[in-house]
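Trainee: Pasting the sequence and the predicted model now:
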Amino acid sequence: MSLSIGVVGPGAIGGFLIAHLCDMGAKLSVLARPGTRDAIRMNGIWLKTGGREIAVTPECVTDDAEEIGPVNLILFTVKGQDTISAAESMRPMVGPETRILTFQNGLYGVETLAGMFGPHQVLAGVTYVPALVEVPGRIRHTGAVKRFIFGPYVPEAASPICTDFARFGARAGLDLTYLEAPMPEIWAKFAMLTAFHLVSCMTRGALGDWIDTPETRAVYVQAMEEVVAVATACGVVVPAGLVARNLAFSVETADPITRASMLDDLERGRALELEGTVGWLIATAGRVGVDVPVHCLGYAMLKPRIAGG
């Protein structure tokens, strides 16, 4: 594959992508923090998925983007709270024609990257892959879904890079869909994401621990409805029947053992991805005049733990 790819943030999603793409022969460069850099240099990336194990060694792993230089495509997969610092550190990887594809939770990341590099260089993405980091470089896929959706943040960001990556990703075994207008799908995932993270953290349980409790399910539904209301007020036309579709997926399709990454962070005393998801929604809701009481309550309950510990 002639497409040069850099990955910024080899965590759960970044590691999942690295494993599949390298397994198909992609030559990737990885920008990582020193501790993660050293672990991957020593042991590579190891992914357990669907009863099989994938072990790969990326071509370049560094904490200095100057060693990588400009690439065609950057897969940006850091936590929301690390967006600005990671984006600044990767500037040497961004050339005039580079596209930056963010697979982050929510919309804070894509808005921030568009502000820093220009919307014409940014691709918006969303993933439904449940995965976690056991230790740096060791990733466990905790469900069966491999679904990724992406496309240009604005029409001017469309590029042959997009279709090249979509084709290669499909050959690598990813359920990778390219859309010319991805933002409604980004909002659709965001509706389920914030609701799932909030309810999971408030109940301290995996999906199967609370989805069959009527009162808790009602809170989950209300939280999703709040996101839809904000999206609508922002002028986004979300897919019809979105909340019912998301609820059906949660009840009928999703693995009951699926855990929110924010819950894992909470229980392990790590910093929470709260401001870039729930905080961003509350701020946006305030600007467009929409009440979001479930999100405000969840934010208030989790804010004391936002820095971890």
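Mentor: Nice, I can see it.
Trainee: Would you map out the domains in this protein?
Mentor: Residue ranges for each domain of the chain read 5-181, 184-305, as given by automatic domain parsing.
Trainee: Identify, out of these, the most deeply packed stretch.
Mentor: Of all those, domain 5-181 has the most neighbours on average by mean count of other CB atoms under 10 Å, namely a mean of 19. In short, each C-beta sits where N, CA and C put it, glycine included.
Trainee: Distance from that domain to the middle of the chain?
Mentor: Counting by CA atoms, centre = their mean, to the nearest Å, domain 5-181 is centred 9 Å from the centre of its parent chain.
Trainee: same thing with stretch 263-282?
Mentor: From the chain centre to the centre of stretch 263-282 is a distance of 13 Å (CA atoms, centre = their mean).
Trainee: try stretch 231-247
Mentor: 19 Å.
Trainee: Make JSON lines out of the domains of the chain and add mean pLDDT.
Mentor: Output for the domains of the chain, formatted as JSON lines (pLDDT from 0 to 100):
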{"stretch": "domain 5-181", "mean pLDDT": "95"}
{"stretch": "domain 184-305", "mean pLDDT": "94"}
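Trainee: Paired strands for the longest strand that the chain contains, with orientation please.
Mentor: Ranked by residue count under DSSP state E, the longest strand found in the chain is strand 94-102. Strand 94-102 pairs in its sheet with strand 71-76 (parallel), strand 122-127 (parallel), by DSSP bridges.
Trainee: From Phe76, how far off is the residue nearest the centre of the chain?
Mentor: Note on the chain: the residue nearest the mean C-alpha position is Gln104, at 2.8 Å, using CA atoms, centre = their mean. Gln104 sits 7 Å away from Phe76, going by CB to CB, to the nearest Å.
Trainee: Equivalent analysis for Phe196, please.
Mentor: As judged by CB to CB, Phe196 and Phe76 stand 22 Å apart.
Trainee: can you map out the strands along the protein?
Mentor: For the chain, the strands defined by DSSP E cover 5-8, 28-31, 45-49, 52-56, 60-62, 71-76, 94-102, 122-127, 131-135, 138-141, 147-152, 175-178.
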